[in-house]
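In: any chance you can model this:
(chains A and B)
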Amino acid sequence: MSFAYKLGTSAIAFAVTAGMAHAQDAAAFWAEAAKPYEGTVLHGVTESTPPSNYIKDVLAPQFEELTGIRVDIETTSWDQMYDKAIKDMEAGTGIYDMVYIEQDIVYAYLSRDFLTDTTQLLVDNPALKSPNYDEGHFTSFAESFRGDNGNLFGIPVEAFIKTYLYRTDLFNDPAHQAAYKEKTGKDLAPATTHEDYLAIAEYFTEWGQANGGELWGTTSQSHTGHPASWYEYVETVLPTFGIYNWGIDAGNNYAAKVENGGKMDSPEAKAAMKYALQLRDLAPPESVQSTWTETATTMAAGRAAQGMIYGENTAWIASDENQSRVVGNIGVALPPLSEGVLAQAEAGEGYVGYYDGGAFGIPITSKNKEAAMLFLEFIAQDEVQPDWAVAGSRITNTATYDDPKVQELDGKLNGYFTMLKDDGRLYAGAPPYPFHAQLREALAPIYYQILTGQIDPDTGVDQMAQKAEDELSALGYRQ
Amino acid sequence: MHSKRLGWLLLAPTMIILFFFGVVPFFYVIWVSFHQWNPFAANPGKIFNWAANYRQVVFDAQLLASLGVTFAFVFFAVVSELVLGYLLAQAFMKDFPGKAFFRTIHTLPLIMAPIIVGSIWKLMTTPSIGIIPNLLQSWFGYNLNIGQSALAAFTVTVVMDVWHWTPLVTLSLIAALVSLPPDPFEQAQIDGAGKRQIFWHITLPMIAPAVVATVFIRLMDALRTVDEVLMLTGGGPGSATRYIGVHIFKEVFPRTNYGYGSAISVVVLYLTIVICWLLYVGLIAPRNTKKG
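Out: Numbering: from 1, shown residues only, chains lettered A, B, ... in the order given. Have a look, this model is predicted:
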């Protein structure tokens, strides 16, 4: 028996022993820390998404087994989730111990002191601090959930970028490549400009109509009565035209109109609006009733050649044969951009698209803050992340990128996780407005009227800018 | 004396519950309606603003448009349900094979939660993939797109409401028809009255109280329709189906405009009472006067 063999065997034995000891330590910690709270039932409310369902179906039962603390997670629609969470926190009823905080609403919650400072909670209760929990393990997305004091008010559970997905089988098909070249004089490749994106969309829509009518050139999130369509305009389309933060200049008295220093009614915004309408016209008929979920379904059904799709759907569209007809045929790319936008994003002066995601926070009104904190620490551990990432195509801890399971899936997704890791910095979440939902609800009806043709796009954009300033004045933000 | 005290004692739990869950919230809404209150405004507190919210109601074009489509929706839905409900009630009064089965099937929509009804109709009417647009396209070449056509969306919401609530009208009218004495009908037939004359001069007057009660119930229900429509169209396309309940929901919950939303709620309650009163004056009071 060679020395090297002995050394290797010893190292493996040591690693296994150390691993087991670590696992035992971890299990012992959860059992010990949870003792005072055994029998507690925690209530959480969240949107029904693949990552949230994983918490409910997998992580909550695991935690209960370790600690004896039951976790009831209520997964519901996006609207209902906010309705329930806000009413609970506003009335101070304390029904929920955990609420899902989408990145775009955290500023509103922080402004109302709705959330518990989790960093401080652990400082005040050192016995609750798990050896496996470390705020430094999170990706930079966690910064969205820090308060003015730099402390964390939400534990990240989801993080995605809204990416440009395209059908590799169609884009790599020599027949399509030749036909597209003949039609446009250009090579068929993922678009980098709006003009190219439209040309590709037009080509595939025409081809679809001539060949059975089941393929269109693009998806479009254009529901005529749901705010998802308005989000597509302000978060997905506007930034690619160089209009950031919805065209509102927060540092300039929340100006929206060009004459006051805003950009909501700028020529670029009007061009973006017309582009969005052109996309809608090249998308499948169901697009006028499509929210974020339905665009993903359209893509998965193989009804669109390309589309802007929320990242939480990327994994299942690209890899789940039970739900998708385009498994193995999905590519990811940066969205098409106006000139100069990429440079601005790289310089940190702009962004190319929406960095979506959310966290779980503990309402200040919760009666079980300590037990809830334990659960949040549990789901924030590096150890539970890889399977969760595979199930929900979300990554919130940096170590997750290097896990073999995640890297294997990354291959199937044509580099979605790599893009999230390398180009995530080019994307941004919602602007830090505490009036997010209020302004959306004021402006979205005008956007719906633009979509239905009741108002022409230029007039509609002007009306939205005026309405934004009126609403912000009424809310007291614009003086 | 003893039984009177016992009566109050037995009533007390109900009255206490009614007080806390009915009376208190009602007056709370009225109180809130006199405030400017949006918890996500720069000043999140309640600011007393007298009747400013009520003044805004009068000049709010979106609200007035919502009221307009709501009244149209209520009219078409309730009238359709009444006519269809009566015809079905008459049909179920007769014997035919499978009557019990059809009667059961017919009442199934009643037990469904409105949000489920909205989901079902959404699945059935989504362009491209819904069964209804597909059938209409293949049978009549008609392109039904409730995300684009205001008229189509309005019509589908009416049809959905009719589908959901006609069974209630049917059951109510069956109960009324079953309780009618046979003598006046036999007498009318002997006197040579036709079916139409019997309907207008005997059946309708005799079931009028049940009809009016049913209309009241359906009218109040239709005026506060929210869940089904929110699920089906979200109030769109544009504001074509933004009925008043949907409008209030969007104003109060996502927009958290509690003060103004409360004012709209109070105004809508007032309008509902006025409409019911007008119906009462128009339909019931003349009968009572004649009897008197």
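In: which helix or strand in chain A has the lowest average pLDDT?
Out: helix A:3-34 (a mean of 64; mean pLDDT, DSSP states H and E).
In: neighbours around the residue in the stretch 101-250 of chain B positioned nearest to chain A, how many?
Out: In the stretch 101-250 of chain B, the residue that lies nearest chain A is B:Gly236 (2.4 Å; Cβ to the nearest Cβ). For the C-beta atoms, the positions are set from N, CA and C on the backbone; glycine is no exception. Per other Cβ atoms under 10 Å in any protein chain shown, the neighbour tally for B:Gly236 reads 30.
In: how about the contacts made by it?
Out: Applying Cβ atoms under 8 Å, 6 or more residues apart in numbering or on different chains to B:Gly236 gives the contacts A:His223, A:Thr224, A:Gly225, A:His226, A:Tyr448, A:Thr452, B:Gly147, B:Ala153, B:Arg242.
In: mind putting those residues into TSV with secondary structure?
Out: Formatted as TSV, the contacts of B:Gly236 follow (DSSP: H, G, I helix; E, B strand; the rest coil):
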residue	secondary structure
A:His223	coil
A:Thr224	coil
A:Gly225	coil
A:His226	coil
A:Tyr448	helix
A:Thr452	helix
B:Gly147	coil
B:Ala153	helix
B:Arg242	coil
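In: and which of those residues is nearest B:Leu9?
Out: Nearest to B:Leu9 out of the contacts of B:Gly236 is B:Arg242 (Cβ to Cβ; 47.6 Å).
In: tell me, how many residues neighbour the closest one?
Out: B:Arg242: 27 neighbours (other Cβ under 10 Å).
In: which residue packs closest to it, ignoring adjacent ones?
Out: Nearest residue to B:Arg242 in three dimensions, chain neighbours excluded: B:Gly235, at 3.7 Å (Cβ to Cβ, 6 or more residues apart in numbering or on different chains).
In: helix or strand for the one you found, which one?
Out: Using DSSP states H and E, B:Gly235 sits within no helix or strand.
In: helix/strand/coil for the residue most central in space within chain A?
Out: Geometric centre of chain A, nearest residue: A:Asp356, 2.4 Å, by Cα atoms, centre = their mean. Under the three-state scheme (three-state DSSP), A:Asp356 adopts strand.
In: and it, how close does it get to chain B?
Out: A:Asp356 is 18 Å from chain B, where distance means Cβ to the nearest Cβ, to the nearest Å.
In: now swap in A:Pro174 and tell me
Out: Noted for A:Pro174: a distance of 29 Å to chain B, by Cβ to the nearest Cβ.
In: with A:Lys35 instead?
Out: 38 Å.
In: and the pLDDT at that residue?
Out: pLDDT recorded at A:Lys35 is 94.
In: and it, how many neighbours?
Out: A:Lys35: 11 surrounding residues under other Cβ under 10 Å.
In: contacting residues for the residue nearest to B:Arg242?
Out: B:Gly235 neighbours (Cβ under 8 Å, 6+ apart): A:Gly225, B:Val229, B:Thr241, B:Arg242, B:Tyr243, B:Val246, B:His247, B:Lys250.
In: hang on, the earlier thing: which strand residues bridge the residue nearest to the centre of chain A?
Out: Per DSSP bridges, the residues bridged to A:Asp356 are A:Phe160.
In: A:Trp216 touches A:Pro284, doesn't it?
Out: Yes. A:Trp216 sits in contact with A:Pro284 when judged by Cβ atoms under 8 Å, with a separation of 4.6 Å.
In: alright, I will stop here.
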